[in-house]
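>>> Sequence and predicted structure are below.
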Amino acid sequence: MDSALIPEGVKRCSFGKFIFWLVVFGAVLLWGVVAMLLCWFKGLNQTNMNDAYGFALWIWADLGVIALGGGAFFTGLLRYVFAKDELKNIINFAVLIGFICYSSALLILAIDVGQPLRSWFIFWHANVHSMLTEVAFCLSCYFAVLTIEYIPLILENRQIDRVPFFHNLSHNMHGIMAIFAATGAFLSFFHQGSLGGTPAVLFGRPFAFREGVLIWPWTFFLFTWSAAASGVCFTMLITCITRKITRKRLVKQKVMMLLAKIAGWMLATYTIAKIIDTWYWAAVTAPSKGFTLMDFYSNNPLYGIWILVLEIVVCGVIPSIILITRKGRDSSFLFVSAVLLGALGACVNRWVMVLQVMAVPVLTFESWFMYFPSWQEIATTILPVAYGIILIMISYRYLPIFPQERELEG
Amino acid sequence: MKEQHKHTKAKKYGMVIDLDKCTGCGACMAACMSENNVPFKKDESDKLLSITWMRVYKLTNGKKFPEADICYLPRPCMHCEGEHGHAPCVSVCPACATDYSHETGIVSQIYTRCFGCRYCMAACPYHARYFNWWDPVWPDGMEKYLSPNVSPRMRGVVEKCSFCFHRYQLAMNKAYNEGRRELEEHEYQTACTQACPAGAIIFGDLNNPDHAVTQIAKPDPKHGGRPMNPHAFRLLERLGTNPKVYYLSSRDWVRRAGDNYIENESGQGNH
């Protein structure tokens, strides 16, 4: 039925099957949209946030998807600036994932603010001292860059490409993509960093506070670093899932191995830096405020020392070792486990830096604050996942996302 | 008028709360809500959703009878000065909706500027900032009793104690009309100060050596306003928030409860 739209030389599932899954994920998306409208029309009283949890599930989701979307900027940097030519075979997919992640982040932010219609104040009345201001500016600009990077892909659709104007536009946009990739990397460095600075500048919150260099706390650099590592892991993870579902190879193993090796070294160096940061924070920063390390990990029902071990050892050290060793990369089970853990590591880190910050009591006469999100918060957090799956489904079906597919499946 | 303001001496309004005198009656909380049009709901049992610009905490020493002891601690906004006016909440607000006034030392909140990101709430270790999760709904007829000097806040914005800033504005207007540039100590007092039946709250200019707050707390300007009175302390002094609310207590455990200390670490309040 839609065969005229499908790229030449590749096979796709039946239109009926495609529509069925579209309806399934569309229903999930609709559930999220209902919750979103409830939040917009009735206000944030629809959530389980409270005055102790001004930042909660949504801010975690926001930081999480931005970290996972970091694969787009880092792969773009490697492909266009460091001339890793093989990566041209996965860059389209990395851009698509980045586009999904960043558009999701903007949507979540639009739901999360108390007065969404005033969101433009962040640009109009910008406070240059605030990390969020930097986030807002760089995030918006980088989303524009990702859109520019995604447009040529859309223009490569078989039918659109027939129109000479679109064909030439797409060709010319590809020609200048290196400029956008470099701009994207520059912008990403700043907003990933600013997101890292967002909790770390809270000097009233000893769990989050970090020292640093000039105006940048250490987490400024750690967040950028981890986004580059975990974002690439996430790109590879989604590629593996797409391969599994479509039962096609899509990308040559050589490309995946190159990316895995780079991700492994990024993750390994990040983990070392994170261990040093944690040690300094636990040994110097926190005690200077009257806290020991275990004050942050005891006397509460959830946050035990396990979460620190999970973040650093399970999601840092282990996947690093797997990805930097040839044996680890060659074993498909270990490889998938490593990229899964690598992506999970950034999510755990963002969770800790948002929700545990809110949970830890600072006043001596208060106790731990616990929180469980409302169904509206959960639905609006799942919404971007459904949206992402739908966009990947549509893009995979109608656009030449994987340039090597025809060769591999031919 | 702006020009004239520049010639007035910079103030640093602050508070001293004597915890030995506080009985925990809550009159300060009630006065604050009434004075500042603070909204309330039918069900206020969840205190994490209640707006209490002034909140009275109950502290215990954790010991059993006969050594058991309690203390009530009223907590307004601390109007932190941080370092050079970089209060924890002010520097993080992305839209300049909260501001540190170097003229008065008061941390303000611009409700019509706030777009409800709640970063300031995350930044405040005192939980002195509150979000309007709902639009304010007043019982029938009560809207006639609202203060005309304080604008009620809409859903989706953050609010907090303003040290009854509207009273400062009214007092300054009166002084200007009378050809004065400076206020007498009694001309600007917060609602909680005046409502406290025990006289536990004292309010004034910490830059003015004649004001009671300065004489009692004895802030040391060389050490970021740290109190020199051995019975005075500030909450979470070690974080560097540089608050302008001082507490007094003759009890060691109360002073020690004002900050975090590692086990066996000496220290209580500022000592």
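Received the coordinates, thanks.
>>> how distant is whichever strand or helix holds B:Y168 from the center of its chain?
For B:Y168, the host element (DSSP states H and E) is helix B:165-177. Distance of helix B:165-177 from its chain centroid, counting by CA atoms, centre = their mean, to the nearest Å, is 19 Å.
>>> buried ones in that helix?
B:165-168, B:171-172, B:175 (16 or more other CB atoms under 10 Å in any protein chain shown). C-beta here means a position set from N, CA and C on the backbone, and glycine is covered the same way.
>>> Turn those into TSV, including pLDDT and distance to A:Y150.
Compiled in TSV, the buried residues of helix B:165-177 are given as follows (pLDDT from 0 to 100; distance: CB to CB, whole Å):
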residue	pLDDT	distance to A:Y150
B:F165	97	49
B:H166	97	51
B:R167	98	56
B:Y168	97	54
B:A171	97	59
B:M172	96	56
B:A175	96	62
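>>> between those, which is nearest B:D135?
B:H166 (21.6 Å; CB to CB).
>>> So which residues of the stretch 151-300 of chain A form helices?
A:164-175, A:177-200, A:218-246, A:253-280, A:286-288 (DSSP state H, counting those that start in this stretch).
>>> Now these in a markdown table, please, with extra columns for distance to A:Y142 and mean pLDDT.
Conversion of the helices of the stretch 151-300 of chain A to a markdown table gives the following (distance: least, CB to CB, whole Å; pLDDT from 0 to 100):
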| stretch | distance to A:Y142 | mean pLDDT |
| --- | --- | --- |
| helix A:164-175 | 17 | 93 |
| helix A:177-200 | 4 | 91 |
| helix A:218-246 | 12 | 96 |
| helix A:253-280 | 19 | 97 |
| helix A:286-288 | 33 | 96 |
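>>> Which one, of the ones you listed, ends up nearest to B:N61?
Nearest to B:N61, of these and by CB to CB, is helix A:286-288 at 24.3 Å.
>>> could you pick out which of the buried residues of helix B:165-177 are near chain A?
Counting by CB under 8 Å from any CB of the partner chain, nothing from the buried residues of helix B:165-177 sits close to chain A.
>>> Which one of these is nearest to chain A?
Sorting these by how near they are to chain A, with CB to the nearest CB, puts B:F165 at the top with 20.0 Å.
>>> check contacts around the closest one.
B:104, B:106, B:108 (CB atoms under 8 Å, 6 or more residues apart in numbering or on different chains).
>>> residues in contact with the last one?
Pointing back at B:S108 there. By CB under 8 Å, 6+ apart, the neighbours of B:S108 are B:98-99, B:101, B:162, B:165.
>>> try it again with 10 Å
B:S108 makes contact with B:79, B:90, B:97-101, B:160, B:162-163, B:165, according to CB atoms under 10 Å, 6 or more residues apart in numbering or on different chains.
>>> Just the buried ones from those, in ChimeraX syntax?
To isolate the buried members of the contacts of B:S108 in ChimeraX, using 16+ other CB under 10 Å:
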select /B:79,90,97,98,99,100,101,160,162,163,165
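>>> The helix or strand hosting A:L106 near chain B anywhere?
Element membership for A:L106, per DSSP H and E: helix A:91-112. Yes - contact of helix A:91-112 with chain B (CB under 10 Å from any CB of the partner chain) involves A:109, A:112.
>>> Pull out the buried residues from that helix.
For helix A:91-112, by 16+ other CB under 10 Å, it's A:91-109, A:111-112.
>>> do you know how far B:E67 is from chain A?
18 Å (CB to the nearest CB, to the nearest Å).
>>> Which pLDDT does the model give that residue?
Model confidence at B:E67, given as pLDDT, is 95.
>>> For the closest residue to it other than its chain neighbours, list the residues it contacts.
Using CB to CB, 6 or more residues apart in numbering or on different chains and skipping residues adjacent in sequence, the residue nearest B:E67 is B:N61, 7.2 Å away. Shown in contact with B:N61 (CB under 10 Å, 6+ apart): B:67-71, B:251-254, B:256-257.
>>> and B:N61, how far is that from A:L63?
40 Å (CB to CB, to the nearest Å).
>>> Report the secondary structure state of the residue of chain A found nearest chain B.
Closest residue of chain A to chain B, CB to the nearest CB: A:G114 (2.0 Å). Secondary structure, DSSP: H, G, I helix; E, B strand; the rest coil: A:G114 is coil.
>>> In this structure it contacts B:W133, no?
Yes - if you go by CB atoms under 10 Å, A:G114 and B:W133 touch, sitting 8.5 Å apart.
>>> Please enumerate the strands of the chain.
Answering for chain A, as no chain was given. Assigned by DSSP state E, chain A shows strands spanning A:212-213, A:216-217.
>>> other chain: chain B
B:13-18, B:55-60, B:70-75, B:98-100, B:107-109, B:129-131, B:158-160, B:201-205, B:219-220, B:226-227, B:232-233, B:245-248.
>>> tilt between the first one and strand B:201-205?
Meaning strand B:13-18. 160 degrees (axes from the mean of the first three to the mean of the last three CA atoms, to 10 degrees).
>>> Which strands and helices lie in contact with strand B:13-18?
strand B:70-75, helix B:191-195, strand B:201-205, helix B:212-217, strand B:232-233, strand B:245-248 (3 or more CB pairs under 10 Å, 6 or more residues apart in numbering or on different chains; DSSP states H and E).
>>> go with 6 Å
For strand B:13-18, the helices and strands in contact under the criterion 3 or more CB pairs under 6 Å, 6 or more residues apart in numbering or on different chains; DSSP states H and E are strand B:201-205, helix B:212-217, strand B:245-248.
>>> Please report the distance of the residue nearest the centre of chain A from A:V339.
When chain A is reduced to its mean C-alpha position, the nearest residue by CA atoms, centre = their mean turns out to be A:L68, at 2.2 Å. Applying CB to CB, the value for A:L68 to A:V339 is 11 Å.
>>> Leaving out chain neighbours, which residue sits closest to the closest residue to chain A within chain B?
Closest to chain A within chain B is B:G116: 2.0 Å, counting by CB to the nearest CB. Of all residues not flanking B:G116 in the chain, A:G114 sits nearest, at 2.0 Å (CB to CB, 6+ apart).
>>> Quick check: residues of the stretch 151-271 of chain B near chain A?
By CB under 6 Å from any CB of the partner chain, the residues of the stretch 151-271 of chain B that approach chain A are B:155-157, B:238-241, B:257, B:259-262.
>>> If we use 8 Å, what do you get?
Counting by CB under 8 Å from any CB, the stretch 151-271 of chain B sits next to chain A at B:154-158, B:235-236, B:238-241, B:257-263, B:265.
>>> What ranges in chain B fall below the confidence cut-off?
B:1-8, B:268-271 (pLDDT under 70).
>>> ok, which residues in the stretch 1-150 of chain B are in contact with chain A?
B:46, B:48-50, B:57, B:59, B:73, B:82, B:86, B:88, B:91-97, B:113-119, B:121-127, B:129-135.
>>> mind redoing it with 7 Å?
B:48-49, B:57, B:59, B:88, B:91-96, B:113, B:115-119, B:121-127, B:130-131, B:133-134 (CB under 7 Å from any CB of the partner chain).
>>> that older thread, make JSON lines from the strands of chain B and add distance to A:E366 to it.
As requested, the strands of chain B are exported to JSON lines (distance: least, CB to CB, whole Å):
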{"stretch": "strand B:13-18", "distance to A:E366": "18"}
{"stretch": "strand B:55-60", "distance to A:E366": "8"}
{"stretch": "strand B:70-75", "distance to A:E366": "11"}
{"stretch": "strand B:98-100", "distance to A:E366": "23"}
{"stretch": "strand B:107-109", "distance to A:E366": "21"}
{"stretch": "strand B:129-131", "distance to A:E366": "15"}
{"stretch": "strand B:158-160", "distance to A:E366": "17"}
{"stretch": "strand B:201-205", "distance to A:E366": "22"}
{"stretch": "strand B:219-220", "distance to A:E366": "26"}
{"stretch": "strand B:226-227", "distance to A:E366": "23"}
{"stretch": "strand B:232-233", "distance to A:E366": "17"}
{"stretch": "strand B:245-248", "distance to A:E366": "16"}
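>>> Right, I'll call it a day here.
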